[in-house]
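Undergrad: Fold the following, please.
(chains A and B)
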Number of protein chains: 2
Amino acid sequence: MEKIKVAIVGYGNLGRGAEKAISLTEDMELVGIFTRRNPSSIKSNSDVYSLEDILNFKDKIDVCILCGGSATDLKVQGPEISKNFNTVDSFDTHAKIPDYFSVIDRSAKEGNNLSIISTGWDPGLFSINRLFSESILPKGETYTFWGKGVSQGHSDAIRRLDGVKDATQYTIPVEEVIERIKNGEKLNLTARDKHQRVCYVVAEDGADREKIEFEIITMPDYFVDYNTTVNFVTQEELNKNHKGMIHGGRVLRIGNTSEGIKQVYEFKLNLESNAEFTSSINVAYARAVYKMRSEGKIGAITVFDVPISYLSPMSPEEQRKKLL
Amino acid sequence: MEKIKVAIVGYGNLGRGAEKAISLTEDMELVGIFTRRNPSSIKSNSDVYSLEDILNFKDKIDVCILCGGSATDLKVQGPEISKNFNTVDSFDTHAKIPDYFSVIDRSAKEGNNLSIISTGWDPGLFSINRLFSESILPKGETYTFWGKGVSQGHSDAIRRLDGVKDATQYTIPVEEVIERIKNGEKLNLTARDKHQRVCYVVAEDGADREKIEFEIITMPDYFVDYNTTVNFVTQEELNKNHKGMIHGGRVLRIGNTSEGIKQVYEFKLNLESNAEFTSSINVAYARAVYKMRSEGKIGAITVFDVPISYLSPMSPEEQRKKLL
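TA: So this is what the prediction gives:
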């Protein structure tokens, strides 16, 4: 069997996770890691190349997994790389997904490529469970809760602020509210009622801490709609206590199929490494992109457009026999 | 907007559930209920017709939802009706799915129709979660647990035995085993280790109870691989204590994305009416069948072949904006 040839673009937490996830598959091989940094500075047993050289690999890569962050990397890399390669990314700024989708749809079609955007677990698996449960139980309420866990997107957004050296952000669900929902209460909740955000920030020497704190708590999309606490800590303290990548969460839908008949649909994740789990999802969707492109599909798609069958290395017959 | 025209074939628990589920949609209308019984004997506010007359509705029905049981009804109705209509069914004898798929694939293609088999929650949603979690976490173990709850398929299988007037079967998970798995133990479990089956049976007057008990506990696919207890009760007792349709269960996958990093994927249902929930899934898949047939797809498919997007009445744009 010819293996699916995959490239990793960007070698942060997600890139390293993708490298591990590809090594656990039998139907995919890693062509190489492409980085904006000096390739010789990257510690990896895989081949590492400069991102500037990626066009030399046009016929050697089936799918590129874009492992950059949404806040700045993907906005640039998404359109550029999807012009030349099939891509998978985990763009996670929910509010900007429709715009990003349009941009990628245009660039991918221009290059005759297929690009899936916003894979991962939220957006991604959680989105799928929201859509599933609302389609099945049209009369009901859906609740998404995250954490307790570290949000990479939010930590990343803080780290990009002027004067910030390092940061970790925890998303913490309000447990009392989850209990009330499970007891059948119908609550109309704002983002603020459901979660709080707690940030641990290492400031650069001489940085204006009040300014940093203000920029965090007023940051659109990321923090402004939540109760946010900012704690300044030393790098040592951050390294010691806040460098894990635990995360998790749940999608809950409480529906009624007839008067007085309650149906509870729950999807739940408990992750010891958010980045490795997200990357594992991206790698499964790289397989799907390869298969769908082979059938002629081009443009931008999302997890909503992919038949689940395409995520598996098994044949459809084997899937029906073993897993249905 | 033209509504999707749906027919219900069979008016037991699933048929009544489908009738309610269709009434909760805005994009579907119920053409009628088709029954093998005398239509005037059916209590419903919907139009009821004899199943014998269904071919007169060839141009009036987009999708038929087959609400019969797997043990006998669907084996006959599936092939016959899929020759003439697009169909949805919840064929649930896991071991026989590959054969049933082949039969329906042939009959549906013969009639230029599209038929989805084995929708519901298991097979169905649980199958999807097994496939998803194994594709994302190739290194790990998947566990499916059911109950405590009433299995309609198993109760139905008992009721079809000679000498049985009525019956209810409870599937009960072995809680101790679930705890051990969640604590990280890797267990190689047989069906027998995970669940027990407890049956409440009303025998006909003068029936051979020992023979009934023997036929239940040795029944292939349904009971032979489990510890099964058979209790004979009066119809009054069954009606009073065992006529609810509660059910539920979970799919659990414990995976490792790298050495020592554990990821827990969990999908869980708590249902006050198994039949109504199953029917709600069937109705959502009727929508998907209609859309996929409109795009030219024919033959047999399963839940693995359906992009999640097709289950929702929302447009793809609306889905991306509101649920991704």
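
Undergrad: alpha carbons only for contacts and neighbour counts from here, please
TA: OK.

Undergrad: Next secondary structure element downstream of the helix or strand that contains A:V251?
TA: In this structure, A:V251 sits in strand A:247-258 according to DSSP states H and E. Where DSSP H and E defines the elements, the next helix or strand beyond strand A:247-258 is strand A:261-271.

Undergrad: just checking, what packs against that following strand?
TA: Applying 3 or more C-alpha pairs under 8 Å, 6 or more residues apart in numbering or on different chains; DSSP states H and E, we find strand A:261-271 packed against helix A:125-136, strand A:247-258, strand B:261-271.

Undergrad: got a list of contacts for the strand holding A:V251?
TA: Here strand A:247-258 makes contact (C-alpha atoms under 8 Å, 6 or more residues apart in numbering or on different chains) with A:126, A:129-130, A:133-134, A:137-151, A:184, A:262-274, B:20-21, B:276-277, B:280.

Undergrad: Check those for burial and list the buried ones.
TA: Buried members of those, scored by 16 or more other C-alpha atoms under 10 Å in any protein chain shown, are A:126, A:129-130, A:133-134, A:137-151, A:262-274, B:20-21, B:276-277, B:280.

Undergrad: how much does the strand holding A:V251 deviate in direction from strand A:261-271?
TA: Here strand A:247-258 points in a direction 170 degrees away from that of strand A:261-271 (axes from the mean of the first three to the mean of the last three C-alpha atoms, to 10 degrees).

Undergrad: Could you tell me how far strand A:247-258 lies from the centre of the chain?
TA: Put simply, strand A:247-258 sits 21 Å off its chain's centre (C-alpha atoms, centre = their mean, to the nearest Å).

Undergrad: Flag every buried residue along that strand.
TA: A:247-258.

Undergrad: Now pLDDT and distance to B:E29 too, for those residues, in CSV please.
TA: Putting the buried residues of strand A:247-258 into CSV (pLDDT from 0 to 100; distance: C-alpha to C-alpha, whole Å) gives the following:
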residue, pLDDT, distance to B:E29
A:H247, 93, 43
A:G248, 94, 40
A:G249, 95, 37
A:R250, 94, 33
A:V251, 96, 30
A:L252, 95, 28
A:R253, 95, 25
A:I254, 94, 25
A:G255, 95, 21
A:N256, 95, 20
A:T257, 97, 17
A:S258, 95, 17
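
Undergrad: tell me the two of the residues you listed that are most distant?
TA: Pairwise distances across the buried residues of strand A:247-258 peak at 35.5 Å for A:H247 and A:S258 (criterion: C-alpha to C-alpha).

Undergrad: since we're on whatever residue of chain A ends up closest to chain B, how many residues are nearby?
TA: Nearest residue of chain A to chain B: A:P307, at 4.2 Å (C-alpha to the nearest C-alpha). For A:P307, the count of nearby residues is 18 (other C-alpha atoms under 10 Å in any protein chain shown).

Undergrad: one step back: can you tell which of the helices and strands packed on strand A:261-271 is closest to A:G69?
TA: Closest approach to A:G69 among those (C-alpha to C-alpha): strand A:247-258, 17.4 Å.

Undergrad: pull the CA atoms of the closest one into CSV?
TA: Only the C-alpha atoms of strand A:247-258 are listed here, as CSV (Å, rounded to 0.1, in the frame of the first residue of the first chain):
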residue,chain,number,x,y,z
HIS,A,247,-7.6,20.0,29.3
GLY,A,248,-11.1,18.6,28.7
GLY,A,249,-14.7,19.5,28.7
ARG,A,250,-18.1,18.4,27.7
VAL,A,251,-20.9,19.0,25.3
LEU,A,252,-24.3,18.5,27.0
ARG,A,253,-27.7,18.5,25.3
ILE,A,254,-30.8,18.0,27.3
GLY,A,255,-33.7,17.4,24.9
ASN,A,256,-37.4,16.4,25.1
THR,A,257,-38.8,14.0,22.6
SER,A,258,-42.3,14.3,24.0
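
Undergrad: and the angle for that strand with helix A:125-136?
TA: Going by the same axes, to 10 degrees, strand A:247-258 makes 0 degrees with helix A:125-136.
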